[in-house]
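>>> Any chance you could fold what I've pasted below:
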Amino acid sequence: MSVRVMTEVWNLQLPDSQKIVLLALADAANDEGHCWPSMASLARKCSKGQRTVQGVIKTLVSAGHVTRREVAGRGCEYWVHPVKEGTPAAAAPPQILRRARNAPRNRRGGPPQPLPDTPAATADKPSENHKEPSLDASHPRDARPAGKPNDEKPSKAKTVIPDWIPVEPWNGYLEMRKRIGKAPTDRAIELMIGKLDRWRADGHDPGAILDTATEHNWTGLYEPKEPRNAKRNDGSPDDWRGSARSREPDRRDGFTRSLDETIAGGRAGCAPVG
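The predicted structure is shown next:
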């Protein structure tokens, strides 16, 4: 636990859910704000569901308070760098910044002053970013709305796999989907996790469901027809009482079982007298 990071989080003005999740991350972080908690431990500390915590973390990432990086097979690691109101995130990992197209240079390092739209004055000036083509009629796909030169959509965070899903059956199922050329999308993965969570609550094993789908090359997941702990009463000799209400195993030895069956057969063959 880093006292410095915890103090910075306490000084922030945030909604209750965001603040408790950020405090839980800071509680697991070192002085650099780096931590590697599991989603289950965060949900337990915050007394919230894992999906709720995941949604709050996405909000904190968008606000610049947290940086999240997913590591294959090991979960996610986080960097906590609380951003005060009106100040940039100094502790956040550096990001590549691009100067707006046609914006003047400022030798003093301050932000460039906005200029009125003058297409005629800037038409002959080439773009300083040579990786992007100039905006003209020959590149309609590159055209962007006026006034938003660097309007880029934020990348969507990848789905976090819950701790209760076994690794080998999950990876085996994904490899099978990729092998047959039908790799699932992020939305499909979220739906599959929701199904497995419901079936797990009903007593089914998520690993067995995944292995069954992998074995049959199924692109979908299906709920087992019967729960694992269901027992069958089909009138076999083992069901010596002949009643579906009895689900206890037959612990009689061979002699006692044979004697009981002989007595039962004799009673069935006797006709009433008179």
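
>>> what's the neighbour count on Asn171?
Residues near Asn171, counting by other CB atoms under 10 Å, number 15. (Each C-beta comes from the backbone N, C-alpha and C, glycine too.)

>>> And the pLDDT for it?
pLDDT recorded at Asn171 is 94.

>>> what does the domain assignment say about this protein?
According to automatic domain parsing, the chain comprises the domains 3-80, 167-215.

>>> so what pLDDT did Leu97 get?
For Leu97, pLDDT reads 46.

>>> my bad, should have said Gln18
89.

>>> Out of the domains of the chain, which is closest to Arg252?
When the domains of the chain are compared by CB to CB, domain 167-215 sits nearest Arg252, at 30.1 Å.

>>> Can you check the distance spanned by that closest one, start to finish?
Start to finish, the residues bounding domain 167-215 are 16 Å apart (CA to CA, to the nearest Å).

>>> returning to what we had before: output the domains of the chain as CSV; include the columns distance to Arg257.
Rendered in CSV, the data for these read as follows (distance: least, CB to CB, whole Å):
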stretch, distance to Arg257
domain 3-80, 49
domain 167-215, 32
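
>>> The ones you listed: lowest mean pLDDT?
Among those, domain 3-80 scores lowest, with a mean of 88.

>>> how about stretch 71-90: buried residues?
Buried positions in stretch 71-90, judged by neighbour count with 16 or more other CB atoms under 10 Å: 76, 78-83, 89.

>>> Kindly report the same for stretch 37-57.
In stretch 37-57, counting by 16+ other CB under 10 Å, buried: 37, 39, 42-43, 45-46, 48, 50-51, 53-54, 56-57.

>>> which residue sits closest to Gln54 in space, ignoring its chain neighbours?
Nearest residue to Gln54, sequence neighbours excluded (CB to CB, 6 or more residues apart in numbering): Val160, at 5.8 Å.

>>> I'd guessed the one you found sits against Met39; true?
Yes: assessed by CB atoms under 8 Å, Val160 is found in contact with Met39 at 5.8 Å.

>>> what is in contact with those two at once?
Shared contacts of Val160 and Met39 (CB atoms under 8 Å, 6 or more residues apart in numbering): 54, 75-76.

>>> Which ones among those map onto strands?
75-76 (DSSP state E).

>>> With distance to Leu191 as added columns, please give the shared contacts of Val160 and Met39 in JSON lines.
Formatted as JSON lines, the shared contacts of Val160 and Met39 follow (distance: CB to CB, whole Å):
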{"residue": "Gln54", "distance to Leu191": "15"}
{"residue": "Gly75", "distance to Leu191": "21"}
{"residue": "Cys76", "distance to Leu191": "21"}
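
>>> follow-up on the earlier one: so the residue nearest to Gln54 is in which element?
When elements are assigned from DSSP states H and E, Val160 belongs to no helix and no strand.

>>> what do you get for the one 5 residues further on?
With elements taken from DSSP H and E, nothing contains Ile165; it lies in neither a helix nor a strand.

>>> For it, which non-adjacent residue is spatially closest?
Pro206 (5.5 Å).

>>> What residues sit buried inside stretch 166-177?
Of the residues in stretch 166-177, those buried (16+ other CB under 10 Å) are 169-170, 172-173, 176-177.

>>> And the helices in the protein?
3-10, 16-28, 39-46, 50-63, 119-122, 167-179, 186-201, 206-215, 254-269 (DSSP state H).

>>> Next, find the distance separating the residue nearest to Ile165 from Thr219.
According to CB to CB, to the nearest Å, Pro206 stands 17 Å off from Thr219.

>>> who's more crowded, these two?
Shown here are Pro206 and Thr219; by other CB under 10 Å, Pro206 has more neighbours (21 against 13).

>>> show me what contacts the more buried one?
Pro206 is in contact with 164-166, 169, 196, 199-200, counting by CB under 8 Å, 6+ apart.

>>> Could you measure from it over to Ala40?
Taken as CB to CB, the span from Pro206 to Ala40 is 15 Å.
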